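Participant: Mind looking at a prediction? Sequence and model below.
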Amino acid sequence: MRRTGVFVCHCGSNIAGTVDVERVAKEAAKFPNVVFATDYKYMCSEPGQQVIKDAIKEHNLDRVVVASCSPRMHEPTFRRCLESAGMNPYLFEMANIREHCSWVHPDKEKGTIKSIDLVRKAAAKVVKDEPLQKSSIGITKRALVIGGGIAGIQVALDIADAGFPVTIVEKEPTIGGRMAQIDKTFPTLDCSACILTPKMVDASQHPNIEILSYSEVEKVEGYVGNFDITIRKKARSVDMSKCTGCGTCWEKCPTKVDSEFDMQLGKRKAIYTPFPQAVPNKPVIDRVNCTKFRTGKCGICQKVCPTGAVDYEQQDELITEKYGAIVVATGFNQFDHSVYGEYGYGKYPDVITGLHFERLINASGPTMGKIKRPSDHKIPETVVFIKCVGSRDEAKGKSYCSRTCCMYTAKHATLVHEKIPGSKSYIFYMDVRTPGKGYEEFYKRTAEEYEAQYIRGRVSKVYQKGDKLVVRGEDSLIGRPVEIEADMVVLANAMVAREDAGDLARTLGISYDKDNFFTEAHPKLRPVETHTAGVFLAGACQGPKDIPDSVAQAGAAASKAIGLLSKTQMESDAIVSNVDESRCSGCMICKGICPYKAIDAKLITERVGGKMAERQVAAVNKSLCQGCGACTVACRAGCLNLLGFTNEQILAEVEAVCL
Amino acid sequence: MSLNTEALPKSQEVTASPEAAPQPWEPRIVGFACNWCTYAGADLAGLSRLQYPPSIRLIRVPCSGRVNPQFVIRAFQRGADGVLVAGCHPGDCHYSTGNYFTRRRFLLMQRLLEYMGMDPRRFQARWISGSEGPKFQQVVTQMTEDIKALGPNRKMRDVE
Amino acid sequence: MKYAYYPGCSLHSTGIEYDMSSQLVAGKLGVELKEIPDWNCCGASAGHTTNHLLGLALPARNLAIAEKEGLDVMAPCASCYNRMKTSEVAVKSSEETKAKVAEVTEMEYEGKVGVKSALEVFVKEAGLDAIKSLAVKNLGGMKIAAYYGCLLVRPVGIGFDDPENPMTMDDMVTALGGEAVDWPFKTECCGASLPTAREMVGLKLVYDILTMAQSAGAEAIVTACPLCFMNLDMRQNDLNKKVDNANFQLPVFYFTELMAIAFGEKPAKTGVRKHFVDTSSVLAKYNLK
């Protein structure tokens, strides 16, 4: 026999105006297991709570029902009240007789009957309530940042400044990412390297930051606060502890290879750093192209190295470390425009992408900042820009707007005008979208002062005619076809997810959308969290973003990670799933249902017929479980139950309201 | 899992206030509402004083995906005239995928109920977000009307 | 292999060379062609532009006759092929359209058989290996611009080859020992019937194609469409008269003519003597006479 107390609130006249609260209390007193029922003007007020506390003592109550407003409003209040009276706060239910009754049913008789039903429902559930405990877990106070572009660097600096150790894992030989390839930044035309490289140096010199370049995340185990992460440090063939970055090796290396950093427009050596300001400024050997690795002959770099750092025998190294939080900042790729037959499937050398253009215009790029077209190094006089290549095109590309292309194309047209006197730029566009501070003004300047001619329409064909590229399209504003003989065509390729984003998402247990961008936990209210607790997102891996947005998001992700790491213990909610191991058959259907990867198999030993036997059962990780209850319905044996919302409790409610 | 129903006073037996006239039959609808969307939507309907028939009794669950078909069957067995399962809009689930399970189960359940000889219109699933107070009002009003037209559920009452 | 053969109006008139050479190639490749009995107009040119349902029903009637015999249709003319393919896809994808078409034609077409172009049958299905093994003469490196025109590989999604850069004919040329030049005007518009209605507009389009083929180094153009053929072949003389400095003498072939010649047929039998632009000198140059 439980001893339940029922407390009916008037809420001034909010409830009492349309519900006969005294009658509700009187009826409630007749319910089974109810030993005390009363009503009061304001249950949530200080004296109201005192009424509850006094009754608990006086009547020796072990269950409490409050009939008042929505539990979304005052459940925490009354739980605290029970706690201060020495009771477990989960031995409590609310009947929502305000939002769901008195405010919506003006008929006092009907409202009163419904209120009595709702109280009966709560009273039926509360007797099946069990005391629940919040669990807590320890937190490893270290963060891992995957990706060393501007977003990753910013996240790392912010977390490190807050006093927590951070590791940046970057798969390229240097941090810096896409921003390092870019020449100038819109809308201010700041030099990208001038604002990025100091941050790279800050990161490398920060006492709390460790940079693992040329490394990749191999495996992620564990859960929020306690991730065990295996990182593959790819063999650089250079001993980082001996190398001084003097550069003798790459000066002497005889093998020239197309530079990825320069978008294949320039050359690098087989032992190389991607660019002079690389961090760490120590080379790697590209084993695919290195003569020593291909033929066994050469070995010049080893001979010339003054510190003996070149090591052809070096192997990949796997390290496993513990981290409390993970921030994913893996960035983006450019859309591969070779699906566009109308632009020549990528076969014309002078049809280039935005990133190619960035390298061409960069003072430290392959042309020393002179805009020369790739085919014959002529300086182009007429440049055509085509926007929305791969974006806003459901037939051949992506449905989304890539957000940055309008602005970087405007920037490119401005730079063409500045760098090539007498040149002319044409820009084919669908819409010009410039939502950012100072962006619209920049675009206006490009069109008006820098004389870029904007043509609203799509390009139907680009073809080579002599040494010109004929761009044929439509000016949809005047409804006429246009043909422009250009010297160079620059495509504003969409930003797309990294091709291996899906693999990383599976490794991390986070979700990704139809375009392989990682999905945030809530598109508006939780933009940097993922559904996996302890994993956060920054930068363009979540969707196309420009530099200001990436940096802002990086700061947000860092603050979320700092919030997590600043706790010593993390409390997790008591409303979690629970396995009845005696009945669990270990079928593990629940495992696939769980959106949080909170369920895993475990082995238990039990006595069967006098012998000890091992058996697989499901186990819920209480720190990962978010209490949705999806698994409970999937469980065929009914041995999974959601504490606080058990099958028995809900069925009791059903029975109570159906009387 | 059974409850001593004998011990509970039936709502019809609740002492009627003296001035109350005999009430015509009102359907009894059991509603399962997810905590994050529909329960909040019902709260908003209250906050906005949107009136609807007092036919529905809402049971709060964390997610519409928590609703076991067993709960629905039990409600019908105990004489509920209608059952509503309501949660977040597809794609908006607080737990990312819970309402997709609901959506699939709903279709199966309707077919099962039809097979059992019940009118499947007695069982409805709806997506009502936390900002859709008017939609909650409209759904309950409409469902009450529909079930009034169908009459009381006698089919499964007390079938064990 | 057996196909219902749909010659359409062209192959029995202005495009007779295409018919002659197609029959020869079919014979060599062992493809049996059975002309559809009582066939009607495919609805190209004027029909489909005046009434959408008529445009679907006309080819559907021909397909329905073929379906009775259980044969897929081979339509060499690009325009016939395009109309029939459109009708086939429309009937297959909508029960409503199927019913409407059946009502108009008073014949059932269920979409069980479909249409293929001659390029598809003779090159894609026969295969390049079979073509190579049947060839007794080699094109000897003749530089050829493969011209597909606008209808053969469009609309996107239903054609048998890439709509922007089709390669079927180029592959055939290469297999027979010719050199398929890379040029950007494979699917340009030839002007269709414009040279009749608005002469200079149509002629300009022909002029552009011929000029581009020449600048790509082509010694001949190969095509798979009777209308393209007619415009490119017949209008050269016109252009030479009406455009300053124009002096075109660029032979144009049906791809089937080149195949038949390579398979050892006498050029005269394939129809190349009927062309407006002389073909004999280029054939002589590569010992194909």
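Facilitator: Looks like it arrived, so ask away. Numbers count the residues shown, from 1 in each chain, chains lettered A, B, ... in the order given.
Participant: Now stretch A:334-341: average pLDDT?
Facilitator: In this model, stretch A:334-341 has a mean pLDDT of 92.
Participant: just so I have it, where are all the strands in chain B?
Facilitator: For chain B, the strands defined by DSSP state E cover B:29-34, B:56-61, B:82-87, B:123-127.
Participant: Throw these into JSON lines and include mean neighbour count, thanks.
Facilitator: Every residue, glycine included, has its C-beta placed from N, CA and C. Formatted as JSON lines, these follow (neighbours: other CB atoms under 10 Å in any protein chain shown):
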{"stretch": "strand B:29-34", "mean neighbour count": "27"}
{"stretch": "strand B:56-61", "mean neighbour count": "25"}
{"stretch": "strand B:82-87", "mean neighbour count": "27"}
{"stretch": "strand B:123-127", "mean neighbour count": "22"}
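Participant: Distance-wise, check the closest residue to chain C within chain A relative to C:Arg235.
Facilitator: When scored by CB to the nearest CB, chain A has A:Gly341 as its residue closest to chain C, at 2.2 Å. With distances taken as CB to CB, to the nearest Å, A:Gly341 is found 27 Å from C:Arg235.
Participant: Just tell me which of the strands of chain B ends up closest to chain A.
Facilitator: Among the strands of chain B, the nearest to chain A by CB to the nearest CB is strand B:56-61 (3.9 Å).
Participant: who has more neighbours, A:Gly341 and C:Arg235?
Facilitator: Set A:Gly341 next to C:Arg235 and count neighbours by other CB atoms under 10 Å in any protein chain shown: C:Arg235 wins out with 24 against 18.
Participant: What count of nearby residues applies to the nearest residue to the more buried one once chain neighbours are set aside?
Facilitator: Once flanking residues are discounted, C:Arg235 sits nearest to C:Val206: 4.7 Å by CB to CB, 6 or more residues apart in numbering or on different chains. C:Val206: 25 surrounding residues under other CB under 10 Å.
Participant: Could you confirm C:Val206 falls within a helix?
Facilitator: Yes: applying DSSP: H, G, I helix; E, B strand; the rest coil, one finds C:Val206 inside a helix.
Participant: measure it to C:Asn231 for me?
Facilitator: Between C:Val206 and C:Asn231 the distance is 5 Å, computed by CB to CB.
Participant: Now list whatever residues contact both of the two.
Facilitator: Taking CB atoms under 8 Å, 6 or more residues apart in numbering or on different chains as the contact rule, C:Val206 and C:Asn231 both touch C:190-191, C:195.
Participant: can you narrow the residues you listed to ones near chain B?
Facilitator: Subset of these in contact with chain B: empty, counting by CB under 8 Å from any CB of the partner chain.
Participant: show me what contacts A:Gly222?
Facilitator: A:Gly222 touches A:228, A:322, counting by CB under 8 Å, 6+ apart.
Participant: mind listing what the residue nearest to C:Arg235 touches?
Facilitator: By CB under 8 Å, 6+ apart, the neighbours of C:Val206 are C:190-191, C:195, C:231-232, C:235-236, C:239.
Participant: pLDDT score for it?
Facilitator: Predicted confidence (pLDDT) for C:Val206: 95.
Participant: And it, how close does it get to C:Phe185?
Facilitator: In terms of CB to CB, C:Val206 sits 11 Å off from C:Phe185.
Participant: Fine by me, thanks again.
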